[in-house]
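Participant: With the input below, show me the fold.
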Amino acid sequence: MRVLVTGGAGYVGSVSVEALVGAGNDVVVLDDLSKGHREAVMPGARLVEGSYADATGLRALLAETPVDAVLHCAARSLVGESMANPALYYRENVAGGVTLLEALREAGVRRLVFSSTAAVYGTPASVPIREDAVLAPINPYGETKRAFEGALRWYADAYGLRSVSLRYFNVAGASARNGEVHDPETHLIPRVLSAVEGRGEVTVFGTDYSTADGTCIRDYIHVEDLARAHLLALEATDPADPRTAVSDGSAAAIALNLGNGGGFSVREVLAAVEEATGRPVPHRIGPRRAGDPPVLVADASRARAVLGWEPAHPHLVEIVASAWAWRRAHPDGYAG
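Facilitator: Just a heads-up that it's a prediction; the model follows:
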């Protein structure tokens, strides 16, 4: 199939493009390169510079290059930025997302996979989190993702758009070709690896939580496992596939969690980095941060049942080691 990947020059998008091309699909990447990297786009995929929020550009692209399905990875995704500038997040993640949906509707594209987030759950009442948990985001980032998921449900009812939203917490690791390069970097594993490289120290926020070692526990999945889930979800949106249909055969929008199940504590992340790199992690202990729940772990059993998805890289040391190998091979990121 021919797949349009928004944000396909970014971290998650570029590794997903690798998986799609590797499976024999024809891939078109739409990315404005504000966060992504031209060098990250795999040979064999066509890069179009532009934004999914540009209605005119989208219509022209879809008229010139008809596609069968869309993998929507592009979005604003920094919690702190969303708190400081919610207008930006509503404008790009919600208004821009609807612009994308309208262009797809006009072009007759009825298949979409949304790279969503477990931030739609906010602070859950219980863990591991199931898909039927209350959606109660605690920041504009999570709220705008929830809003777009809601649009997908109504577009299924009214316009026959089959969709799968994949909700996950933390993605880490690297493929042999692509790794994680963000500015600013807010994710724990690359920040710890940066500390190992001599670029400052890491603060452990709180060691008195009600967990085995006193530090917060979070879910992590390997970026290649997420990419494979994207591919499986795209296959599930086929018009003849009952997984994205209701009982009468009409289109459905479904949401699935992804995760490793048990999660890993901050101290376990530090230990995994030390094992993978052979170096100590410069760090200090700080007070708790407001709003940090002790445990955030997703129940991914429905993704296993519906998509047949299992994480191929569930071990934290393996995830960290792949990220470390990529950083050592690319000390200047994509600039080198």
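Participant: which stretches of the stretch 1-150 of the chain form strands?
Facilitator: With DSSP state E, counting those that start in this stretch applied, the stretch 1-150 of the chain shows strands at 2-6, 26-31, 46-49, 69-72, 111-115, listed in chain order.
Participant: quick one: residue 23 and residue 230 touch, right?
Facilitator: No: Residue 23 lies out of contact with residue 230 (Cβ atoms under 8 Å); the separation is 10.6 Å. C-betas here are computed from N, CA, C, even on glycine.
Participant: Show me which of these two is the more surrounded one.
Facilitator: Shown here are residue 23 and residue 230; by other Cβ atoms under 10 Å, residue 230 has more neighbours (28 against 14).
Participant: The more buried one: what secondary structure?
Facilitator: helix (DSSP: H, G, I helix; E, B strand; the rest coil).
Participant: Nearest residue to it in space, please, no chain neighbours.
Facilitator: Excluding its sequence neighbours, the residue lying closest to residue 230 (Cβ to Cβ, 6 or more residues apart in numbering) is residue 16, at 4.7 Å.
Participant: Next: residue 307.
Facilitator: residue 232 (4.3 Å).
Participant: Distance of the one you found relative to residue 258?
Facilitator: If you measure residue 232 against residue 258 using Cβ to Cβ, to the nearest Å, the figure is 11 Å.
Participant: Neighbour count for the two, which is higher?
Facilitator: residue 258 (27 against 20).
Participant: From residue 17, how far out is the nearest residue to that one once chain neighbours are set aside?
Facilitator: Once flanking residues are discounted, residue 258 sits nearest to residue 168: 4.2 Å by Cβ to Cβ, 6+ apart. Distance, residue 168 to residue 17, using Cβ to Cβ: 18 Å.
Participant: In terms of neighbours, single out the busier of those two.
Facilitator: Neighbours per residue, other Cβ under 10 Å: of residue 168 and residue 17, the larger number sits with residue 17, 32 against 24.
Participant: The more buried one contacts residue 45, doesn't it?
Facilitator: Yes: the pair residue 17 / residue 45 is scored as a contact, 5.1 Å apart, by Cβ under 8 Å.
Participant: Overlap in contacts, these two.
Facilitator: Common contact partners of residue 17 and residue 45 (Cβ atoms under 8 Å, 6 or more residues apart in numbering): 5, 8, 27, 29.
Participant: Please report the distance of residue 16 from residue 105.
Facilitator: Separation of residue 16 from residue 105 (Cβ to Cβ) stands at 23 Å.
Participant: These two - which one has more neighbours?
Facilitator: Neighbour count, other Cβ under 10 Å: between residue 16 and residue 105, residue 16 has more, with 31 against 15.
Participant: tell me the contacts of that one?
Facilitator: Neighbour list for residue 16: 5, 8, 71, 73, 115, 226, 227, 230, 231 [criterion: Cβ under 8 Å, 6+ apart].
Participant: rerun at 7 Å
Facilitator: 5, 71, 73, 227, 230 (Cβ atoms under 7 Å, 6 or more residues apart in numbering).
Participant: What pLDDT is listed against it?
Facilitator: In the predicted model, residue 16 carries a pLDDT score of 98.
Participant: Ok, residue 129 next?
Facilitator: On pLDDT, residue 129 comes in at 96.
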